[in-house]
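Peer 1: Pasting a predicted model and its sequence here:
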Amino acid sequence: GQQVMQIPQYQHVQEGEDFTTYCNSSTTLSNIQWYKQRPGGHPVFLIQLVKSGEVKKQKRLTFQFGEAKKNSSLHITATQTTDVGTYFCAGPQTGRRALTFGSGTRLQVQP
Amino acid sequence: NAGVTQTPKFQVLKTGQSMTLQCAQDMNHEYMSWYRQDPGMGLRLIHYSVGAGITDQGEVPNGYNVSRSTTEDFPLRLLSAAPSQTSVYFCASLRVAGNTEAFFGQGTRLTVV
């Protein structure tokens, strides 16, 4: 079945360092979304990418969708303690009207 | 707007007990889903619905039932709770017009002893 993998599973950085998480799908995706889940909270939508090779920015966050539409990345420049949480990528499930979520990357930021 | 309302927030069950997790949304979305979240495994789809009266199985449906009698409500039933069902459960409502975006409830932390 369709699989969406994320690496790394966990990353601990010093405040001010950069951070990147990578997402790889076993199938081509029509779109990919990114969500952030704060500790003890629920996932919250960040952004959707649709086009091959698309790059979108939200302040210090840069999102990329691969040319083959099977991979994506989220890069955070100069992390802050407010960036702490788990970041998930998600794409439409093959044959189902629902989303497949990646395993997530948990980010810890040391002040 | 309330968005997605999920109850209860916490629940402890004994093995073999049954219960219903409630989920309601006020955004008039057709698509709704139930996920469970376990450490290191992301969010796994249990059941989903594409409209009132229409439900289907996700990746991990065993031990769970759903129904969708109205657009607003999508309850999840645990038929006979097992320790393996200890998890955090999230209900999600999916907007597909324009940006596809999932709106999540606050989650239910379930412990089965």
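Peer 2: Thanks, I have it.

Peer 1: just checking, B:N65 is part of a strand?
Peer 2: Yes - the assignment for B:N65, made by DSSP: H, G, I helix; E, B strand; the rest coil, places it in a strand.

Peer 1: Just give the closest residue to it, not the sequence neighbours.
Peer 2: Excluding the flanking residues, the one nearest B:N65 by CB to CB, 6 or more residues apart in numbering or on different chains is B:R77, at 4.4 Å. Yep, even glycine has a C-beta here, placed from its N, CA and C like the rest.

Peer 1: what number of residues lie near the one you found?
Peer 2: A count of nearby residues for B:R77, using other CB atoms under 10 Å in any protein chain shown, gives 14.

Peer 1: State the paired neighbours of the host helix or strand of it in the sheet, together with their directions.
Peer 2: Counting by DSSP states H and E, the element that carries B:R77 is strand B:76-78. Here strand B:76-78 has these sheet partners by DSSP bridges: strand B:19-25 (antiparallel), strand B:64-66 (antiparallel).

Peer 1: Could you tell me the phi and psi values at the residue lying closest to A:M5 once chain neighbours are set aside?
Peer 2: If the residues on either side of it in the chain are set aside, A:M5 comes closest to A:N24, at 5.1 Å by CB to CB, 6+ apart. Its backbone dihedrals place A:N24 at phi -130, psi 130, with angles given as degrees, to the nearest 10.

Peer 1: Could you measure from A:N24 over to A:Y10?
Peer 2: As defined by CB to CB, to the nearest Å, A:N24 lies at a distance of 17 Å from A:Y10.

Peer 1: can you pull the buried residues of the one helix or strand B:V12 maps to?
Peer 2: According to DSSP H and E, B:V12 maps onto strand B:10-13. For strand B:10-13, the buried set under the neighbour-count rule, 16 or more other CB atoms under 10 Å in any protein chain shown, comprises B:11, B:13.

Peer 1: same deal with stretch A:71-82?
Peer 2: If you call a residue buried by 16+ other CB under 10 Å, then stretch A:71-82 has these buried ones: A:71-74, A:76, A:79.

Peer 1: tell me the average confidence for that stretch?
Peer 2: Model confidence over stretch A:71-82 averages 98 on the pLDDT scale.

Peer 1: and the end-to-end length of that stretch?
Peer 2: Using CA to CA, to the nearest Å, one end of stretch A:71-82 lies 26 Å from the other.

Peer 1: re earlier: who has more neighbours, A:N24 and A:Y10?
Peer 2: Higher neighbour count among A:N24 and A:Y10: A:N24, with 16 against 12, using other CB under 10 Å.
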